[in-house]
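# kindly generate the corresponding structure for this input.
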Amino acid sequence: MVELSLPQQLERRDAERLRAYREDLDFYNGQQWSRRVRMRERRLTFNYARVCLDKVTSYLMSGFQVRVEPADGSPQAADAARRAGAALRQVHEANNLDQLDLDTELDAAILGDGCYKVTWALRQAQGQAQGERGGGVRVSAPDVQGMFAWWRPDNVNEVWRVASRYQVQASDYGLQASDHPLYTPPGARSPKPEARSLKPEARPGRRGVVTVVEAWTEDSFQLWVDNELAEEKPNPYGFIPFVLFPNLRQPKQLWGVSDIPALMEPARELNRALSQLSLILELSGNPIAVLENVEEASDIAVQPGAVWELPEKARAYLLDLLQGGGIGLHVDYINLLYRALHDLAEAPRTSFGDNSRALSGVALEMELHPLLQKVNRKRLIRGAVYRRRAEMVLRLLEQKAGQDYRGCRVRVVWGPVLPQDRGRLVEEERALVAAGLHSRRLAMANLGVEDPEAELGRVGDEASRENSA
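Below is the predicted model of the structure:
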């Protein structure tokens, strides 16, 4: 039996998962009708699924920060934490992680899974710490539709191999290969002779697109180009530079659950009911003339002042589709679907700004409790994700830039989901500091100060200048 290459194996792997990705993405983009359109059939699409996912993602990412704290009270640990925090902020700004994180979280909510990749780029991004060979840390978010993972049979959380498949234009591949973290320049290669060439544009039959597969373990790295092994070498990082994470976890499964499936049926039924009601209202505004005991008719116009000539025993009238309060039944059903949609999305109407009862405080929190629970479930997963990503960044800086960040630990901080009374928070933190229950650094961190250590230094400098004056 002929052994399949890695790209060939990926073609047959996870077909059901990839199919679900495509269906959920199509639904999010508005393809929500499940059957073909008949001629002159009205189909309205109210994309509540998209609005609900955007809303929950915005609540999820509000006030998100990654902080570095000293592991103990020693000056060395405090200095390491300060330098590590500054390095993470540089990487954050250079990679525009605010936008990247929001996009990735929304993608994870749609597809059910997310992914980050942390590598050392040969070309240094502006503002990043430079290593001994130049370059800097690059944080990206690969499309999970091209991600594949292998895990231990007895521990689904222990991934031992990750493959990333993507496509690039053949004309652009040479530039991309030269900037790849593990690219070996021509003449310095040591793989098999037939795998030396990385110039896909010189090979016929590619139709302008190159399929690239990266395979990573903790010990090795492979680069496949269109089913050919182009590069194979030890992994220089010592870790797999991917962080795979689920949107919401399925028990005993690596891959997660999308927010879309729960909304599919109510969203489709809401679209159908509103389309039907729209058609009824249109027909009522353009009434149908009904003729009884008439074999032939012509020049029957429904307009003010129209005169109809009818034979004996004939009867004519306008069909009223709204009589008997039938329209109210449609509206009640739509309101029921509307409520079911919000319940299944765990996004009450109040989260959209509709606070008709003017709720505040505990009452508002109880109204939004389903949303708070959903956000907290996601944050339990994301805390480990962003902590792991930050640790990868620091480890690469230690390897490539010669830094030493021992003695510090990474902590993920989330902002409040509900609006907060900042004046009340300041008074509470002031009382806790005065009572010796909170340090000033912790109080600053709780109030959203990005770098409490630097801020305390500036406060001390200002106090010294005022005293000397």
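# what mean pLDDT would you report for stretch 374-388?
Here stretch 374-388 scores 95 as its mean pLDDT.
# could you check that stretch and say which residues are buried?
Of the residues in stretch 374-388, Lys374, Val375, Lys378, Arg379, Ile381, Arg382, Val385, Tyr386, Arg387, Arg388 count as buried by neighbour count, 16 or more other Cβ atoms under 10 Å. For glycine as for every other residue, the C-beta is placed from the backbone atoms N, C-alpha and C.
# would you check that the second one makes contact with Ser58?
In other words, Val375. No - between Val375 and Ser58 there is no contact under Cβ atoms under 8 Å: 10.2 Å.
# if we can go back for a sec, max pairwise distance over the buried residues of stretch 374-388: which two?
In those, the most distant members under the criterion Cβ to Cβ are Lys374 and Arg388, with 22.5 Å between them.
# quick check: phi and psi on Thr217?
As for Thr217, its main-chain torsions (degrees, to the nearest 10) stand at phi -130, psi 180.
# need the strands for the chain, in chain order.
Under the criterion DSSP state E, the chain contains strands at 65-70, 113-121, 136-140, 147-152, 155-169, 209-216, 220-225, 228-234, 242-246, 248-249, 256-257, 288-292, 315-319, 408-413.
# where in the stretch 301-450 of the chain is pLDDT low?
Residues of the stretch 301-450 of the chain that meet the criterion pLDDT under 70 lie in 301-326, 419-421.
# which residue ranges of it form helices?
326-345, 361-367, 369-400, 422-434, 440-446 (DSSP state H, counting those that start in this stretch).
# got CSV for these, with distance to Arg411 too?
Rendered in CSV, the data for the helices of the stretch 301-450 of the chain read as follows (distance: least, Cβ to Cβ, whole Å):
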stretch, distance to Arg411
helix 326-345, 31
helix 361-367, 25
helix 369-400, 7
helix 422-434, 18
helix 440-446, 9
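# which of those helices sits closest to Val209?
Closest approach to Val209 among those (Cβ to Cβ): helix 369-400, 30.2 Å.
# by contact count, what packs against that closest one?
Using 3 or more Cβ pairs under 8 Å, 6 or more residues apart in numbering; DSSP states H and E as the contact criterion, the neighbours of helix 369-400 among helices and strands are helix 48-60, strand 65-70, helix 75-94, strand 113-121, strand 136-140, strand 242-246, strand 248-249, strand 408-413.
# about what we covered before: Ser171 is nearest to which of the helices of the stretch 301-450 of the chain?
With Cβ to Cβ as the measure, helix 369-400 is the member of these nearest Ser171 (30.3 Å).
# taking strand 136-140 as reference, get the angle to that closest one.
150 degrees (axes from the mean of the first three to the mean of the last three Cα atoms, to 10 degrees).
# next one: stretch 396-406 to chain centre, how far?
On the basis of Cα atoms, centre = their mean, to the nearest Å, stretch 396-406 sits 30 Å off its chain's mean C-alpha point.
# could you do stretch 452-463 as well?
Relative to where its chain is centred, stretch 452-463 has its mean C-alpha point 37 Å off (Cα atoms, centre = their mean).
# ok, now stretch 406-421?
Relative to the centre of its chain, stretch 406-421 is centred 20 Å away, using Cα atoms, centre = their mean.
# kindly list the main-chain dihedrals of Arg357?
Backbone dihedrals for Arg357, given as degrees, to the nearest 10, come out at phi -90, psi 10.
# picking up where we left off before, looking at the buried residues of stretch 374-388, spot the one nearest Gly114.
Set against Gly114, the nearest of these by Cβ to Cβ is Val385 (7.7 Å).
# pretty sure Trp216 contacts Leu244?
No - the pair formed by Trp216 and Leu244 falls short of the contact definition of Cβ under 8 Å, at 11.5 Å.
# now for those two: what residues contact both?
With Cβ atoms under 8 Å, 6 or more residues apart in numbering applied, the overlap between the contact sets of Trp216 and Leu244 consists of Val162.
# circling back to that earlier point, to Ala109, which of the helices of the stretch 301-450 of the chain lies closest?
Nearest of the helices of the stretch 301-450 of the chain to Ala109, taken as Cβ to Cβ: helix 369-400 at 8.4 Å.
# off-centre distance for that closest one?
13 Å.
# distance of the residue nearest to Ser275 when sequence neighbours are not counted relative to Arg272?
Nearest in space to Ser275, with sequence neighbours left out and distances taken as Cβ to Cβ, 6 or more residues apart in numbering, is Leu44 at 4.5 Å. In this view, Leu44 and Arg272 are 9 Å apart by Cβ to Cβ, to the nearest Å.
# likewise for Ser171?
To Arg272, Ser171 is 47 Å away according to Cβ to Cβ.
# kindly reformat the strands of the chain as JSON lines containing distance to Leu456 and mean neighbour count.
JSON lines is the format used below for those (distance: least, Cβ to Cβ, whole Å; neighbours: other Cβ atoms under 10 Å):
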{"stretch": "strand 65-70", "distance to Leu456": "14", "mean neighbour count": "19"}
{"stretch": "strand 113-121", "distance to Leu456": "30", "mean neighbour count": "22"}
{"stretch": "strand 136-140", "distance to Leu456": "28", "mean neighbour count": "22"}
{"stretch": "strand 147-152", "distance to Leu456": "42", "mean neighbour count": "16"}
{"stretch": "strand 155-169", "distance to Leu456": "38", "mean neighbour count": "16"}
{"stretch": "strand 209-216", "distance to Leu456": "41", "mean neighbour count": "20"}
{"stretch": "strand 220-225", "distance to Leu456": "43", "mean neighbour count": "20"}
{"stretch": "strand 228-234", "distance to Leu456": "44", "mean neighbour count": "16"}
{"stretch": "strand 242-246", "distance to Leu456": "32", "mean neighbour count": "22"}
{"stretch": "strand 248-249", "distance to Leu456": "39", "mean neighbour count": "17"}
{"stretch": "strand 256-257", "distance to Leu456": "40", "mean neighbour count": "18"}
{"stretch": "strand 288-292", "distance to Leu456": "78", "mean neighbour count": "12"}
{"stretch": "strand 315-319", "distance to Leu456": "78", "mean neighbour count": "11"}
{"stretch": "strand 408-413", "distance to Leu456": "17", "mean neighbour count": "18"}
